[in-house]
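A.B. asks: this one's structure only:
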């Protein structure tokens, strides 16, 4: 019992947090009511999906129906859905698992290709392979808009006979740039190399077809599209030429998921995940149009107040809900604090260790100067966003920028 | 908020007094793990988490501000170059002067805050800086370098309370850092090995250790590793003729020479301070007061006098082992009058 918490209290429940304007949906988005319902209903039930009795069969049925819903939503086969604890695990499973499996099948294959703008779940997994498993890594460069050119991948592939896999995300979590995944997958396939794509940010708002993408493995997660935190999936093609192996598991145990992933299946979370996917994908096109319009309003509003704000990322091929700016002369951290004080939640989008922000590797890869990167801020919209949110930001961003400029770049 | 008990209670008291308080943890290294392991310093990831938890319990916003570059330049590099120049710096004092009540305060003011509140044990009323009531914890010495302008934007809510009571109060407030050990030593020297830290940065610079007559009595690996008044670790093979222990009397970076001699030769009667900071009206002519010459050091009666940009201090009884680079802080009772950096000392009454 910690001293601050009277018995029976929910930790943090007494903290008064007034988030009036939530502009950080790319970090996590509120759960959809349908997902909460599906998940809480399942929390009251009993049964391990691996058990053989009636209770187990009931739970198994929920899991398999969920698997089918998710497969259908992303144009995959149910057998291609491997449930995981979320995006990070799915990315690690694809990158490390395929590295180990493909290298075991052919010791000459030790080269890994990944775009320079990957999420840390891919970036750090790849770097770990380089540091500990003898992988040779080629980081595929991006252009100033954050796009990976198929020619750049083609060049990095070479003959391809020493390459384990290429990993290029579907859409970037910081600047929102959407990659030409199908073209990239085709380029990789030509050289006999599988492509993994982290589609965590894209899955709720862009048409994501696993079959049409040509990717061998694709990461999705629940909490970015209205499902619960703590569940995700790796869509994983069955072994077939050119990839004749399944990934080596990260987690060994009961072998629940195709012997590729062990651990008791989290029926409530999976049910919530599937419910969210079903709703999000059904509403996707209309929601994407709505968010794009709202996002463009937000961009115009910010530019009207702060004319020298620079929109980062691809102006056209970007996530519907993403607006990522650099504010010259400002420290992103200072802006975030000033907006936070006015009830506006956003993100600097950069990784922290003990809170010391490092310049974003994404902006750096796009060729941004360090000051430009330090003054960046990400606003992301989602299913609960309204015009009132844009208005609140439009009212706050001017004074906040003026203040932050006084503090300058320390 | 360092992650320790003092700043946590200071923040809680300020919030309770009705101020609009935001918790700030200063990130002082771009590679936090390289500083201080364990939970007694001020720069680890764990300390940052402790500070955030305290802010949660108090119910205030919390952010980490990156002051690593400024800290490295104004405190760490200053520390090294002061030793290289034969002086003995006090980095905590420098941190108050250049970081907490300069870099941090400037940024806070620019962002719309009015003051920096810290967990220092000192009292501040109407610009008058006084010792904290807990004599053992008093930190007025390391704050005395701050100018009246800096102190006009400072709050020290703990000065009226004893440390033991602060711990009890922290427990009562539900702050988990209530029994966290005090920090000691220098936060940026992880293992407490100051000599090793300096050697790594300044390299080996062997030179002679001589007695007052200039006879070589030993060798050293770098004069910077010595402090006036030091007795231990001199590694002098031959004993003094009178058989009594020898102390460091003088460090000359120019000739890279360390001079040693008997304890009596350490007696200092006169001190010249530079860059004085006056927290009260500087009287015309000499005036009687007390002076403290190191953190938690002894207090001496003295006569002080302002002489342009310097401060001349004549002690009524000799002080031993006065190192230049430390601060001389003048007190009237518990009130801080002025401070200056010790530049020169004289060992015989004029």
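C.D. replies: Perfect, I can see it now. Since we're looking at a predicted model, the values are computed, not measured.

A.B. asks: Going by C-alpha atoms from here, please, whenever you check contacts or count neighbours.
C.D. replies: Will do.

A.B. asks: Now do the helices in the stretch 101-250 of chain B.
C.D. replies: Remark: helices assigned in the stretch 101-250 of chain B by DSSP state H, counting those that start in this stretch are B:104-110, B:140-143, B:148-151, B:163-172, B:194-202.

A.B. asks: er, the stretch 1-150 of chain A actually
C.D. replies: Ranges of helices within the stretch 1-150 of chain A are A:33-43, A:54-73, A:87-92, A:98-105, A:120-132, A:150-157, based on DSSP H, counting those that start in this stretch.

A.B. asks: what residue ranges in the chain score low on pLDDT?
C.D. replies: In the absence of a named chain, this looks at chain A. A:1-19, A:350-357, A:410 (pLDDT under 70).

A.B. asks: that's the wrong chain, I meant chain B
C.D. replies: Applying pLDDT under 70 to chain B flags the ranges B:30-43, B:237-238, B:348-350.

A.B. asks: try 50
C.D. replies: B:34-42, B:350 (pLDDT under 50).

A.B. asks: for the longest helix seen in chain A, the distance to its chain's centre please.
C.D. replies: If you go by DSSP state H, chain A has its longest helix at helix A:267-305. Put simply, helix A:267-305 sits 14 Å off its chain's centre (CA atoms, centre = their mean, to the nearest Å).

A.B. asks: could the helices of the stretch 101-250 of chain B go into JSON lines alongside distance to chain A?
C.D. replies: As requested, the helices of the stretch 101-250 of chain B are arranged in JSON lines below (distance: least, CA to the nearest CA, whole Å):
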{"stretch": "helix B:104-110", "distance to chain A": "5"}
{"stretch": "helix B:140-143", "distance to chain A": "23"}
{"stretch": "helix B:148-151", "distance to chain A": "17"}
{"stretch": "helix B:163-172", "distance to chain A": "7"}
{"stretch": "helix B:194-202", "distance to chain A": "23"}
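
A.B. asks: most neighbours per residue, which of those?
C.D. replies: Of all those, helix B:140-143 carries the top mean neighbour count, a mean of 25, counting by mean count of other CA atoms under 10 Å in any protein chain shown.

A.B. asks: Give the other helices and strands that it contacts.
C.D. replies: Using 3 or more CA pairs under 8 Å, 6 or more residues apart in numbering or on different chains; DSSP states H and E, the elements in contact with helix B:140-143 are helix B:91-95, strand B:128-131.

A.B. asks: Output the contacting helices and strands for the shortest one.
C.D. replies: Okay, so that is strand B:128-131. Strand B:128-131 is packed against strand B:122-125, helix B:140-143, strand B:335-346, with contacts defined by 3+ CA pairs under 8 Å, 6+ apart.

A.B. asks: Repeat that for the longest one.
C.D. replies: The elements that helix B:91-95 packs onto, with contact taken as 3+ CA pairs under 8 Å, 6+ apart, are helix B:140-143.

A.B. asks: In the stretch 301-410 of chain A, which residue sits closest to chain B?
C.D. replies: residue A:407 (4.7 Å; CA to the nearest CA).

A.B. asks: and the closest residue in space to that residue that isn't next to it in sequence, what is it in contact with?
C.D. replies: Nearest residue to residue A:407, sequence neighbours excluded (CA to CA, 6 or more residues apart in numbering or on different chains): residue B:110, at 4.7 Å. Applying CA atoms under 8 Å, 6 or more residues apart in numbering or on different chains, one finds that residue B:110 lies in contact with A:403, A:404, A:406, A:407.

A.B. asks: secondary structure element for the second one?
C.D. replies: Using DSSP states H and E, residue A:404 sits within helix A:387-407.

A.B. asks: Report the buried residues of that helix.
C.D. replies: Using 16 or more other CA atoms under 10 Å in any protein chain shown as the test for burial, helix A:387-407 gives A:389-390, A:393-394, A:396-407.

A.B. asks: Now do it: distance to the chain's middle.
C.D. replies: Taking CA atoms, centre = their mean, one finds the center of helix A:387-407 at 27 Å from the center of the full chain.

A.B. asks: hmm, who's touching that helix?
C.D. replies: A:21-23, A:294, A:297-298, A:301-302, A:305-306, A:327, A:329-331, A:334-335, A:338-339, A:342, A:344, B:106-112.

A.B. asks: Is residue B:252 bridged to anything, and to what?
C.D. replies: Beta bridges link residue B:252 to residue B:257, judged by DSSP bridges.

A.B. asks: how far away is it from chain A?
C.D. replies: 37 Å (CA to the nearest CA, to the nearest Å).

A.B. asks: repeat for residue B:187
C.D. replies: Distance of residue B:187 to chain A, given as CA to the nearest CA: 16 Å.

A.B. asks: Could you do residue B:331 as well?
C.D. replies: Distance, residue B:331 to chain A, using CA to the nearest CA: 35 Å.

A.B. asks: Please report phi then psi for residue B:277.
C.D. replies: phi -120, psi 120 (degrees, to the nearest 10).

A.B. asks: swap that for residue B:314, please
C.D. replies: With angles defined as degrees, to the nearest 10, residue B:314 sits at phi -110, psi 120.

A.B. asks: That one touches residue B:271, doesn't it?
C.D. replies: Yes. With contact defined as CA atoms under 8 Å, residue B:314 counts as touching residue B:271 (6.5 Å).

A.B. asks: residues touching the nearest residue to residue A:321 once chain neighbours are set aside, list them.
C.D. replies: With CA to CA, 6+ apart as the criterion, residue A:321 has its nearest non-adjacent residue at 4.5 Å, and that residue is residue A:381. Each residue near residue A:381 by CA under 8 Å, 6+ apart is listed here: A:22, A:23, A:24, A:25, A:26, A:291, A:295, A:321, A:322.

A.B. asks: could you redo the last one with a cut-off of 10 Å?
C.D. replies: By CA atoms under 10 Å, 6 or more residues apart in numbering or on different chains, the contact set of residue A:381 is A:22-26, A:29, A:291-292, A:294-295, A:298, A:319-323, A:346, A:389-390.

A.B. asks: now swap in residue A:236 and tell me
C.D. replies: Contacts for residue A:236 (CA under 10 Å, 6+ apart) come out as A:76-77, A:79-82, A:90, A:94, A:196, A:210, A:215-219, A:246-247, A:260.

A.B. asks: Give me the subset of those lying in strands.
C.D. replies: Judged by DSSP state E, strands contain the following of the contacts of residue A:236: A:81, A:82, A:196, A:217, A:218, A:219.

A.B. asks: So the last one sits against residue A:198, correct?
C.D. replies: Yes. Between residue A:219 and residue A:198 there is a contact under CA atoms under 10 Å: 4.7 Å.

A.B. asks: For residue 97, grab the count of nearby residues.
C.D. replies: No chain in the question, so chain A it is. 20 (other CA atoms under 10 Å in any protein chain shown).

A.B. asks: Let me rephrase: I mean chain B.
C.D. replies: Residue B:97 is flanked by 21 other residues according to other CA under 10 Å.

A.B. asks: what domains does the record give for the chain?
C.D. replies: Answering for chain A, as no chain was given. A:21-30+A:284-407, A:33-276 (automatic domain parsing).

A.B. asks: switch to chain B, that's the one I care about
C.D. replies: Following automatic domain parsing, one finds the domains of chain B at B:5-179, B:204-261, B:266-346.
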